[in-house]
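Peer 1: Turn this into a structure:
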Amino acid sequence: MRRSTSVILAGLVAAGTFLIPAAPASAAPVNLAPSASPSASSTSPWESVAAINDGIDPPSSNDTVNRRWGTWPDTGEQWALLTWSQAQTLTSAQVYFFDDNGGVRVPASWKLQRWTGSAYADIPGTYATATDTYNTVTFAPVSTTRLRVLMQSGQGSVGLLEVKAIGEGAPQTGGWNPPSNLVTPLNEVWQHVESTYPNLYGFRNYGWDQVMANRGSISYCVRWDSGATVTAAQRDQIHAQLARQFKKWMDVMAGHNGWPYSTVPVKVVGWAVRDRAQLQWSDNSVDVYVNDIRENAPQCAEPCGRFFNQSGNYPNCPGGASHHYDMSLWLTSGFGGGAGGDWGQRIGSEYFMSNLNADNVHILLHEMGHSFGLDDFYDWTPTGVGGFLMKAGSATRITEFDAWMFRDWWRHLRSRYGV
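Peer 2: The predicted structure is shown next:
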């Protein structure tokens, strides 16, 4: 994908399960679900099993904005599964049921199961089926690589909106331990980065800096560079999809090598537009900036943007620092490809709007990688690796190699945060 001039400037920029003693009282409970891989017995073609651990708290059991997992029209015994690469210590789980009062209803009964290394074993507990809330099950600490929610359908098919697997401390995924076949290409990449960007360690506005400055969150403003109108429902869908795509990169880090956050919420705090009438809502849920033009496109207020105020202070931002934005999602009509950097990401508005329910918006994911420092690979490929997201056109999702390149940036920058 194309990278703009500001991007170049920014680039200077074992399967066993067993009961174990409880962790010390000082250990903080953490949701370990985001670091797991989700799977299911059945999924409706228009739903997504990725919903069950995407870190989004549902507004109700009939959530019509965020992704959902459901099995309609399949009924009977159904399950959703969280799988970790290494054993995690769990002490409770929270399950939020999908119930649309139609084809998908809360189950007649359900239970949690842990993987013993050869079979699934029931976890004793109290299993409620309340709607519009999390149903919590507590149990004696267990260590397992898999947690399964097993359901028996009742009045309809079954579904889930979110599963939280609560344990003590960070997910046990270790420190810097890449697969042996990736050690050489990762070293090649980092040597290339260091030799290409002399101000690599002095630059202080990578996505890493932004997340850490906010203590575990990120804020966006949408630059709507299009003549099309936007409804309130579309506004919320754009926010939800942006959050899902950003989460894919953050899930790479959950529990890894001292990364301090299990989830990184994405907030959209503003919209920039040429004509206020294009935005078909009247609520004040986001700031709206009208006809403030920069680069021949609507611009969110510069006094509120981190790109323009890299000290992290926003003395002239209307509404104060809480209204600041770290990055822009710049959606441009007719724009092909993408651009990304510390300022945010730019992609085609038609492309993004046609992918509001897609699992992977690969151009956006690629450009987000640039915001965290990942490079392009136009003229070379590291030894022994094939297609991967940051080599534009060769993959449509974050691959194992992309994930380890991402983690390598954290390995080299984490000391600046005292972590």
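
Peer 1: so who does Y201 touch?
Peer 2: Contacts for Y201 were tallied using Cβ atoms under 8 Å, 6 or more residues apart in numbering; they are 412-413, 416. Yep, even glycine has a C-beta here, placed from its N, CA and C like the rest.

Peer 1: what's next to stretch 109-118, contact-wise?
Peer 2: Stretch 109-118 is contacted from outside by 14-17, 90, 93, 95, 120-123, 125, 127, 129, 137, 139, 142, 144-152, 154, using Cβ under 8 Å, 6+ apart.

Peer 1: In that stretch, which residues are buried?
Peer 2: Buried residues in stretch 109-118, counted by 16 or more other Cβ atoms under 10 Å: 110-115.

Peer 1: circling back: who wins for neighbours among the contacts of Y201?
Peer 2: L413 (20 neighbours; other Cβ atoms under 10 Å).

Peer 1: Where does pLDDT dip in the stretch 301-419 of the chain?
Peer 2: Of all residues in the stretch 301-419 of the chain, none has pLDDT under 70.

Peer 1: Strands - which of the contacts of Y201 land there?
Peer 2: Among the contacts of Y201, the subset assigned to strands under DSSP state E is empty.

Peer 1: SS state for L82?
Peer 2: Secondary structure state of L82, per DSSP: H, G, I helix; E, B strand; the rest coil, is strand.

Peer 1: So what sits opposite it in the bridge?
Peer 2: Listed beta-bridge partners, L82: P38, L147 (assigned using DSSP bridges).

Peer 1: what sits against it?
Peer 2: By Cβ under 8 Å, 6+ apart, the contact set of L82 is 33, 36-38, 52-53, 146-148, 163, 165.

Peer 1: again, but for D99
Peer 2: So D99 contacts 61-62, 105-106, 131, 159 (Cβ under 8 Å, 6+ apart).

Peer 1: Then A228?
Peer 2: Going by Cβ under 8 Å, 6+ apart, A228 touches 278, 333, 349.

Peer 1: returning to that earlier point: of the contacts of L82, buried ones?
Peer 2: Among those, those classed as buried by 16+ other Cβ under 10 Å are 33, 36, 38, 52-53, 146-148, 163, 165.

Peer 1: Is it possible to get CSV of the residues you listed that adds pLDDT and distance to V222?
Peer 2: Below are those laid out as CSV (pLDDT from 0 to 100; distance: Cβ to Cβ, whole Å):
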residue, pLDDT, distance to V222
A33, 90, 29
A36, 85, 31
P38, 87, 28
I52, 93, 27
N53, 87, 26
R146, 93, 39
L147, 96, 36
R148, 97, 39
V163, 96, 30
A165, 95, 33
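
Peer 1: Identify the single longest helix in the chain, thanks.
Peer 2: helix 232-253 (DSSP state H).

Peer 1: which helices and strands does the helix or strand following it pack with?
Peer 2: Per DSSP states H and E, the first helix or strand lying C-terminal to helix 232-253 is strand 266-273. Applying 3 or more Cβ pairs under 8 Å, 6 or more residues apart in numbering; DSSP states H and E, one finds that strand 266-273 contacts strand 218-225, helix 232-253, strand 287-290.

Peer 1: Tell me which of these is the most buried.
Peer 2: Greatest average neighbour count among those goes to strand 218-225 (a mean of 25), per mean count of other Cβ atoms under 10 Å.

Peer 1: in its sheet, what does that strand sit against?
Peer 2: Strand 218-225 sits in its sheet next to strand 266-273 (parallel), strand 327-332 (parallel), going by DSSP bridges.

Peer 1: and the angle from that strand to helix 232-253?
Peer 2: For strand 218-225 against helix 232-253, the angle by axes from the mean of the first three to the mean of the last three Cα atoms, to 10 degrees is 140 degrees.

Peer 1: Tell me which residues are up against strand 218-225.
Peer 2: Contacts for strand 218-225 (Cβ under 8 Å, 6+ apart): 207, 210-211, 230, 238, 242, 246, 264-273, 278-279, 287, 289, 297-300, 304-305, 324-333, 335, 344, 349.

Peer 1: for the stretch 301-419 of the chain, what spans make up the helices?
Peer 2: Assigned by DSSP state H, counting those that start in this stretch, the stretch 301-419 of the chain shows helices spanning 349-353, 362-371, 400-413.

Peer 1: got the buried residues for the longest one?
Peer 2: Looking back up the chat, that one is helix 400-413. Buried residues in helix 400-413 (16+ other Cβ under 10 Å): 401-413.
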